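The following comprises the amino acid sequence and a computationally predicted model.
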There are 2 protein chains.
Amino acid sequence: MGITERKEREKEEMRKKIIDVAFDMFLEEGFEGTSLREIAKRIEYSPATIYLYYKDKEALFFDIQKKCFLKLISSYKDAGVPSIKNPFERLRAMGHAYLKFNMKNPQCFNLMFLHNSPMSEFKKTDRMENHGNGVGFLKDTVVECIEKKMIKGDQLELRMEIWGITHGLCTLYVNKSYEAAGITKTQAEELMKNAWENFLARIKT
Amino acid sequence: MGITERKEREKEEMRKKIIDVAFDMFLEEGFEGTSLREIAKRIEYSPATIYLYYKDKEALFFDIQKKCFLKLISSYKDAGVPSIKNPFERLRAMGHAYLKFNMKNPQCFNLMFLHNSPMSEFKKTDRMENHGNGVGFLKDTVVECIEKKMIKGDQLELRMEIWGITHGLCTLYVNKSYEAAGITKTQAEELMKNAWENFLARIKT
DNA sequence: GTGATTTACTGAACAGTGTTCAGTAATTTT
DNA sequence: AAAATTACTGAACACTGTTCAGTAAATCAC
């Protein structure tokens, strides 16, 4: 029977309607600044209706976070990162793509990383799921670089450094910490790219 | 007349009472998780009373943030950083002190950096005030290192890298991102120290 | 010492939040 | 046509930050 099919489709459409509005709002106003009542108003449904599709605000937010991660991943693909055969060049491209994406979408960065709720132990496994892919891909690339003797050092330490510096640069940028150093936005963007290049040049064998 | 003196003292005591309780709560529960009503209950005053001492929640939070920064600065002093004459050794010590402090006080880290409210443009200048000292001190140290040819590269780019990697490592640690890489807490702590040492060894001339 | 004034504080209210649940109206099944 | 399921909502609960009129105490002026 096509009825259950249609119902399923309608349910999915409703989910999409909620997500679309919620995505804009979370991005614009952050987690705490976004109210379910306002989301409900914009999709022209009662607030209670959202609870028929999402357990609570956190569950909805998780789907938005997921969307951000997908955007990030797709930006890697757009930059042609996965198809780069040379692992060192792939690493370079990964770093630049990461910097570029977060400079272009600072709000996404905030949603993905700057919201750690105090509770919900179970959520961690979910968040790891979101992180997981990127982590594995970086690991593989670094390991391949070491195997081909393109960089040298401990695999874990290098990953920590690479992740640390790229993520750290993004954090500084998104927090506008460069302002405290009397640096303009455009300068900061150029600096970030150079910083990553310098770092690469130094770890290269 | 000693009355105004005493009044001033009492006012200061009240402020301290509020801050002490608020500090614990903000640290434990974060900004959004902390309610002024609960703070009021703990100091045994009405919620409205807090507004006689602080304009709003943000203003109170700012003082708490300040306290965190002071703790951080004092940890630098405890580590004897300012008295290290060799600028490269000072840089090394600064990095380790920064890592150590944030590993020991992850909640402080969250309060200091992971809370940027969407509004309050004016607050930025205040936050810069909080940041200011650390920024200048790092700059001086890096410049001195370059002058004495202990490290080489562009001053701004190096500062960005240094700040980026140390801050980035802390961010990863505090967010427990290492869990996504299947690494334990103790391992991560060791890794962070090593990562910083490796970085230093590479920028050294 | 007494009355006026300033100070310190509070109870109650306002507008907002996330969340729950009984109840309703429409749709689908029997 | 009646019964059962589904989709949805209005109203309520318990919270939040914040404001403000009102009160009681401390201080000041005489």
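Arrived safely, thanks for sending.

so what's A:A188 up against?
By CB atoms under 8 Å, 6 or more residues apart in numbering or on different chains, the contact list for A:A188 reads A:172-173, A:178, B:160. Backbone N, C-alpha and C define where each C-beta goes, glycine included.

which one is A:S75 nearest to, not counting chain neighbours?
Excluding the flanking residues, the one nearest A:S75 by CB to CB, 6 or more residues apart in numbering or on different chains is A:F101, at 4.5 Å.

rewinding a little: among the contacts of A:A188, which two are most distant?
Using CB to CB, the two most remote members of these are A:Y173 and B:M160, lying 9.5 Å apart.

quick one, which of these two is more surrounded?
When A:Y173 and B:M160 are compared for neighbours, B:M160 comes out ahead with 28 against 22, by other CB atoms under 10 Å in any protein chain shown.

Next, give phi and psi for that one.
Backbone geometry at B:M160, expressed as degrees, to the nearest 10, gives phi -60, psi -40.

Model confidence score at it, please.
Per-residue pLDDT puts B:M160 at 93.

now swap in the one 3 residues further on and tell me
If you check B:W163, the pLDDT there is 93.

From DNA strand D, how far out is it?
Separation of B:W163 from DNA strand D (CB to the nearest atom of the strand, to the nearest Å): 32 Å.

again, but for A:T141
A:T141 is 45 Å from DNA strand D, where distance means CB to the nearest atom of the strand.

ok, how many other residues are close to that residue?
Neighbour count of A:T141, defined by other CB under 10 Å: 21.

Enumerate every residue touching it.
With CB under 8 Å, 6+ apart, A:T141 has these contacts: A:87, A:90-91, A:94.

Swap in 10 Å and give it another go.
Under the criterion of CB atoms under 10 Å, 6 or more residues apart in numbering or on different chains, the neighbours of A:T141 are A:81, A:84, A:87-91, A:93-94, A:159, A:162.

got it, and A:R92?
Each residue near A:R92 by CB under 10 Å, 6+ apart is listed here: A:81, A:84, A:86, A:196-197, A:200, A:204.

From DNA strand C, how far out is the closest residue to DNA strand D within chain A?
Nearest residue of chain A to DNA strand D, counting by CB to the nearest atom of the strand: A:A48, 3.1 Å away. Using CB to the nearest atom of the strand, one obtains 3 Å as the distance from A:A48 to DNA strand C.

can you check A:V142 too?
Distance of A:V142 to DNA strand C, given as CB to the nearest atom of the strand: 39 Å.

Is there a neighbour count for that residue? I'd like the number.
Per other CB under 10 Å, the neighbour tally for A:V142 reads 23.

In contact with it, which residues?
A:87-88, A:91, A:151, A:153, A:155-156, A:158-159, A:161-163, A:203.

three-state assignment of it?
Put simply, A:V142 is helix when judged by DSSP: H, G, I helix; E, B strand; the rest coil.

Distance check, the residue nearest to A:S75 against A:D63.
Per CB to CB, to the nearest Å, A:F101 is found 20 Å from A:D63.

hang on, the earlier thing: and the contacts of A:T141 as CSV, adding neighbour count?
Output for the contacts of A:T141, formatted as CSV (neighbours: other CB atoms under 10 Å in any protein chain shown):
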residue, neighbour count
A:V81, 22
A:I84, 16
A:P87, 19
A:F88, 19
A:E89, 15
A:R90, 20
A:L91, 24
A:A93, 19
A:M94, 21
A:R159, 22
A:I162, 26
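
So which of the residues you listed are in helices?
Within those, residues falling in helices by DSSP state H are A:87-91, A:93-94, A:159, A:162.

Those also near DNA strand C: which ones?
Contacts with DNA strand C within those, counted by CB under 7 Å from any atom of the strand: none were found.

most centrally placed residue in chain A?
For chain A, A:F69 is the residue whose C-alpha lies nearest the centre (CA atoms, centre = their mean; 4.1 Å).

any idea how far stretch A:94-114 is from the chain center?
6 Å (CA atoms, centre = their mean, to the nearest Å).

next one: stretch A:31-40
Distance, centroid of stretch A:31-40 to centroid of chain: 21 Å (CA atoms, centre = their mean).

Please work out which residues outside that stretch touch it.
So stretch A:31-40 is contacted by A:17-19, A:21-22, A:24-29, A:41, A:45-51, A:54, A:56-58, A:60-61, A:64-65, A:110-111, A:114-115, A:117, B:31-32, B:117-119 (CB under 10 Å, 6+ apart).

what about that stretch, near DNA strand C?
Yes: using CB under 7 Å from any atom of the strand, stretch A:31-40 reaches DNA strand C at A:34-38.

Please report the separation between the first and final residues of that stretch.
15 Å (CA to CA, to the nearest Å).

what about A:L200, distance to B:M14?
Taking CB to CB, one finds A:L200 at 55 Å from B:M14.

Same question for A:K11.
55 Å.

Of these two, give the one with the bigger neighbour count.
B:M14 (16 against 12).
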